[in-house]
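> make a model of this:
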Amino acid sequence: MAVPKQKSSKARGRKRRTHYKTSAPTITLCPECQEPKLPHVACPECGMYKGRDVTASSEDE
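Reported below is the predicted structural model:
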């Protein structure tokens, strides 16, 4: 089994990870109310997803 001959320093490992960056989330516009929202998520403003209302209404209770 391969074993490192010497301990790799923290700085060396951190230099290797400098390219691991987070990217900004993709923002799309809701087709119903034109508010910005995340893709594949119900709109927080109008509650629509794929053309239908998916928010829990008080009538169901």
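
> quick one: the strands in this structure?
Using DSSP state E, the strands of the chain run over 28-29, 36-37, 48-49, 52-53.

> tell me the strands beside the second one, with direction?
Strands that pair with strand 36-37, judged by DSSP bridges, come out as strand 28-29 (antiparallel).

> give me the residue at the spatial middle of this structure.
Nearest to the mean C-alpha position of the chain, by C-alpha atoms, centre = their mean, lies residue 25 at 5.7 Å.

> so what pairs up with residue 48 in the strands?
Bridge pairing for residue 48 (DSSP bridges) gives the partners residue 53.

> show me where pLDDT drops low in this protein?
Along the chain, segments meeting pLDDT under 70 span 57-61.

> and the gap between residue 14 and residue 35?
For residue 14, the distance to residue 35 equals 40 Å [C-beta to C-beta, to the nearest Å]. From N, CA and C alone the C-beta is placed, and that goes for glycine too.

> please apply the same query to residue 17.
The value you get for residue 17 to residue 35, if C-beta to C-beta is used, is 36 Å.

> out of the two, which sits in the busier spot?
Shown here are residue 17 and residue 35; by other C-beta atoms under 10 Å, residue 35 has more neighbours (11 against 8).

> the more buried one and residue 42 touch, don't they?
No: if you go by C-beta atoms under 8 Å, residue 35 and residue 42 don't touch, sitting 11.7 Å apart.

> just the helices in the protein please.
For the chain, the helices defined by DSSP state H occupy 10-16.

> picking up where we left off before, out of the strands of the chain, nearest to residue 6?
Closest to residue 6 of those is strand 28-29 (C-beta to C-beta; 49.4 Å).

> now find how far off-centre that closest one is within its chain.
Distance of strand 28-29 from the chain centroid (C-alpha atoms, centre = their mean, to the nearest Å) equals 14 Å.

> and residue 43, how many neighbours?
Counted with other C-beta under 10 Å, the neighbours of residue 43 add up to 22.

> from what I see, it and residue 34 are in contact.
No: using C-beta under 8 Å, residue 43 makes no contact with residue 34, being 9.9 Å away.

> quick one, what contacts the residue nearest to residue 55 when sequence neighbours are not counted?
Spatial nearest neighbour of residue 55, excluding adjacent residues (C-beta to C-beta, 6 or more residues apart in numbering): residue 47 at 3.4 Å. Counting by C-beta atoms under 8 Å, 6 or more residues apart in numbering, residue 47 touches 53-55.
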